[in-house]
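Trainee: sequence and predicted structure below; questions after.
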Amino acid sequence: MIKYSLILILTISVFSMCANKKSVQYEFPLAMTEEVKKVNQAYAEQGLALYRVNCSKCHSDTIKRKELIPDFTSEQLSNYEFRIANKKHEDNLGETQLTQDELILINMFFNYKKKNK
Ligand code: HEC
């Protein structure tokens, strides 16, 4: 019996950890149809995965085990100087490290991510 409760507790905690990691929310324009929202959310989620690989180590915080992602604007991300804006970007964000298509997906993510307030 104890064995089963242990397994249950373990399963629940693994699930809640995953839920935490996934807790990014999106905001879409009211006029957008459900179908278009779905497509855009799929792009945004690819952008989120790319953000986590390429950017989060320098830009995300973890507060009470919750991932805090900044609200970057598309102006900030599409600036032609973005890749060389500072030494760290210069060393990490060249077009061979992060393709233009990947940067566009990251931009989609920030476009639809619910703002932190
Ligand atoms: C190796 C560390 C590092 C990585 C990786 C990195 N950045 Fe940065 N980034 C910095 C630093 C340092 C600055 C300048 C100081 C600051 O504003 O935090 C900066 C500045 C910025 C700014 C300007 C912020 C402002 O206030 O004007 C944006 C936008 C940004 N980064 C986005 C990104 C995105 C998107 C990625 C991933 C594609 C990324 N960064 C990857 C270190 C990094």
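Mentor: Perfect, thanks for sending it.
Trainee: now do Tyr80, the pLDDT please.
Mentor: You'll see Tyr80 listed with a pLDDT of 88.
Trainee: so Asn107 makes contact with Gly47?
Mentor: Yes. At 7.0 Å, Asn107 counts as touching Gly47 under the criterion of Cβ atoms under 8 Å. C-beta: built from backbone N, CA, C; applies to glycine.
Trainee: would you mind measuring from the residue nearest the centre of the chain to Phe110?
Mentor: The centre of the chain sits closest to Leu48, judged by Cα atoms, centre = their mean, with a distance of 2.8 Å. Noted for Leu48: a distance of 9 Å to Phe110, by Cβ to Cβ, to the nearest Å.
Trainee: ok, now Leu8?
Mentor: In terms of Cβ to Cβ, Leu8 sits 38 Å off from Phe110.
Trainee: between the two, which is the more surrounded one?
Mentor: Phe110 (20 against 10; other Cβ atoms under 10 Å).
Trainee: got the contact list for the more buried one?
Mentor: Shown in contact with Phe110 (Cβ atoms under 8 Å, 6 or more residues apart in numbering): Gly47, Asp71, Phe72, Thr73, Ser74, Leu77.
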